[in-house]
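Asker: Requesting a structural model of the entry that follows:
(2 chains)
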Amino acid sequence: MATSFLWNYTKKFVTASIITVTVSDRYVTVIPVRGDSMSPTFNPKSGSLMEDVFDDYVLVEKFCLGKYKFSHGDVVVFRSPLNHKETHIKRIAALPGEWFSTYHNSDVVQIPLGHCWVEGDNTASSMDSKSFGPIPLGLIRGRVTHVVWPPPRIGAVKSIPPQGLAFF
Amino acid sequence: MVVTIFRNLGPYVPAIKAAWGKTFLIFKGFCFLHITSTYVISSVVTSGPSMLPTIELRPNVFLMDKISTRFGKVSRGDIVVLRNPQDPRRFMTKRVVGLEGDSVTYISNPDNNDKFETIVVPKGGVWVEGDNKYKSNDSRNFGPISYGLIQGKMFWKILPFNDIGPFWNK
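Answerer: Residues are numbered from 1 along each chain as shown, chains lettered A, B, ... in the order given. From the prediction side, this is the model:
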C-alpha cells in the first residue's frame, strides 16, 4: 500500500518535471536577473544589502527562436561567448549587416552576418559586446518580455534602443 | 447558464474525459521526446561535400550525443554539429581542430597551396574545419566559433543500412 502510494507520487513528480522542463525549453520560462548590468531596467536598487531578496524575476519567451527575428532594443538572454555555462541578459543594439559605432569609441564596425551587437543598459558596469564583440544569434536563448517579480515592478519590458548610438 | 451547459454535457463526460486523457498522453510523449532529443541523444541528417571523404555526399543519418558537449567534453578531432554562426536557423557538421588557447595553422586559400596563417583560438572559442579543405565553409572563413553554438557530437551512423555502425574516432 505504502509503496504504491510512493510510486504514484514519483510518477506524478516525474511527469510534472518533464512537462515543466519542456515548456521552459520551448515556450516560456522565468529566470532571475543577477547583477546590475541592466539597471535601471532590471535590479534598479542593486548594490544594497537586500540585493538577493529584491532580484528581479523576468519572463522569457522562446518563440523568437523559431525564426531568429529580432529588432533593435529587444532584451535577450544568451549564452556567454566566453563561457558556454554562463547566461547573460543584454539589449540588442545592432543587427546583422548594419554599420555600428559605439558611444565612447569612434570605431565603426560592420556587424557580421548572423551576429548582433548587445549592450547592457548600465553602460558603466556591463560585460557586453564592448568587451567580447558581436555575438552570434545562435547563442540567444530567448527574449525577455515582462518583469514578474517583485510585485511593485511587474510590467512589460519596453523595447527601446540604447540611447546615444549612431547608426549608419 | 453555465450550470445548464454542464448539465447538458452530462452524457458526454466520459467521452470528454477519455479525449482529455489521450491528449494528455500525447503531450507527455511529446515532452519525453523533447527531453531525450535535447539532453540525451538526437538524430541528424547530413548532406553536402564539406566533410568528404569522412562523410559522403549523399544524405546520411547519424546519432549525436548531447551529453558530453554539455559538460564541455569536446576534444580535437571530434566531429560536431553546430549552429551556423552566419545563419542561426541552419546547422553544419565540422571537425574540431583547435580548442581555446590552441594555436592553429591553416591554409587560407587551398587552391594555391602556399599561404599559411596562424591564429590563437580565443577564450570560449573553438576552431572547426571541414575535412574537404577545398569546399568547406568553416572557421577559415568566419573565424573561431563560440562553444555555445555546438549542439552535439556524432557517435553512431544509422543510415544507410549497409554502413551502420559506430562513428567515433573517425
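
Asker: switch to C-alpha atoms for all contacts and neighbour counts from now on
Answerer: Fine.

Asker: by contact count, what packs against the lowest-mean-pLDDT helix or strand in chain B?
Answerer: Confidence across the helices and strands of chain B bottoms out at helix B:2-9, with a mean of 72, counting by mean pLDDT, DSSP states H and E. Applying 3 or more Cα pairs under 8 Å, 6 or more residues apart in numbering or on different chains; DSSP states H and E, one finds that helix B:2-9 contacts no other helix or strand.

Asker: Now stretch A:86-106: buried residues?
Answerer: Using 16 or more other Cα atoms under 10 Å in any protein chain shown as the test for burial, stretch A:86-106 gives A:88-96, A:98, A:100-102.

Asker: out of these, who's nearest A:F54?
Answerer: Here the nearest of those to A:F54, counting by Cα to Cα, is A:I89; it sits at 17.1 Å.

Asker: Show me what stretch B:120-134 is in contact with.
Answerer: Here stretch B:120-134 makes contact (Cα atoms under 8 Å, 6 or more residues apart in numbering or on different chains) with A:81-84, B:49-54, B:93-104, B:110-111, B:136-140, B:143-147.

Asker: Filter these down to just the buried residues.
Answerer: A:81-82, A:84, B:49-52, B:93-100, B:102, B:136-140, B:144-147.

Asker: Now, those residues that are in helices?
Answerer: With helices defined by DSSP state H, the entries of the buried ones among the contacts of stretch B:120-134 inside them are B:139-140.

Asker: In space, what's closest to residue 110 - neighbours in sequence excluded?
Answerer: Went with chain A since none was named. Counting by Cα to Cα, 6 or more residues apart in numbering or on different chains, A:W99 is the residue found nearest to A:Q110 once chain neighbours are left out, at 4.4 Å.

Asker: my bad, chain B
Answerer: Nearest in space to B:P110, with sequence neighbours left out and distances taken as Cα to Cα, 6+ apart, is B:Y134 at 6.1 Å.

Asker: Can you pull the phi/psi pair for the residue nearest to A:Q110?
Answerer: Geometry field for A:W99 lists phi and psi as phi -90, psi 140, criterion degrees, to the nearest 10.

Asker: between the longest helix along chain B and helix B:2-9, how big is the angle?
Answerer: Secondary structure of chain B read by DSSP H shows that its longest helix is helix B:13-35. Using axes from the mean of the first three to the mean of the last three Cα atoms, to 10 degrees, the inter-axis angle of helix B:13-35 relative to helix B:2-9 is 90 degrees.

Asker: For helix B:13-35, name the packing helices and strands.
Answerer: helix A:2-26.

Asker: can you pull the buried residues of the next helix or strand after the helix it packs on?
Answerer: Using DSSP states H and E, the helix or strand that follows helix A:2-26 towards the C-terminus is strand A:28-32. The neighbour-count check on strand A:28-32 (16+ other Cα under 10 Å) flags A:28-30, A:32 as buried.

Asker: Stretch B:163-170 too?
Answerer: Buried residues in stretch B:163-170, defined by neighbour count with 16+ other Cα under 10 Å: B:F167.

Asker: can you tell me how far A:S101 sits from A:W117?
Answerer: To A:W117, A:S101 is 10 Å away according to Cα to Cα, to the nearest Å.

Asker: What about the closest residue to A:L82 other than its chain neighbours, how many residues nearby?
Answerer: Nearest residue to A:L82, sequence neighbours excluded (Cα to Cα, 6+ apart): B:G124, at 4.1 Å. Counted with other Cα atoms under 10 Å in any protein chain shown, residues neighbouring B:G124 total 18.

Asker: Which pLDDT value belongs to B:G124?
Answerer: As summarised for this prediction, B:G124 has a pLDDT of 90.

Asker: wait, what's in contact with the nearest residue to B:G77 once chain neighbours are set aside?
Answerer: Residue nearest to B:G77 in three dimensions, not counting chain neighbours: B:V96, with 5.3 Å by Cα to Cα, 6+ apart. Taking Cα under 8 Å, 6+ apart as the criterion, B:V96 is in contact with B:75-80, B:126-129.

Asker: Filter these down to just the ones in strands.
Answerer: Of the contacts of B:V96, the ones assigned to strands by DSSP state E are B:79-80, B:126-129.

Asker: Just give me the neighbour total for the closest residue to A:P32 other than its chain neighbours.
Answerer: Once its chain neighbours are removed from consideration, A:P32 has its nearest residue in A:Y57; the separation is 4.2 Å (Cα to Cα, 6+ apart). Counted with other Cα under 10 Å, residues neighbouring A:Y57 total 20.

Asker: How about the secondary structure of B:W156?
Answerer: Three-state call for B:W156 (DSSP: H, G, I helix; E, B strand; the rest coil): strand.

Asker: can you pull the contacts of it?
Answerer: B:62-64, B:164-168.

Asker: And B:V40, by the same measure?
Answerer: With contacts defined as Cα under 8 Å, 6+ apart, B:V40 is in contact with B:65-67.
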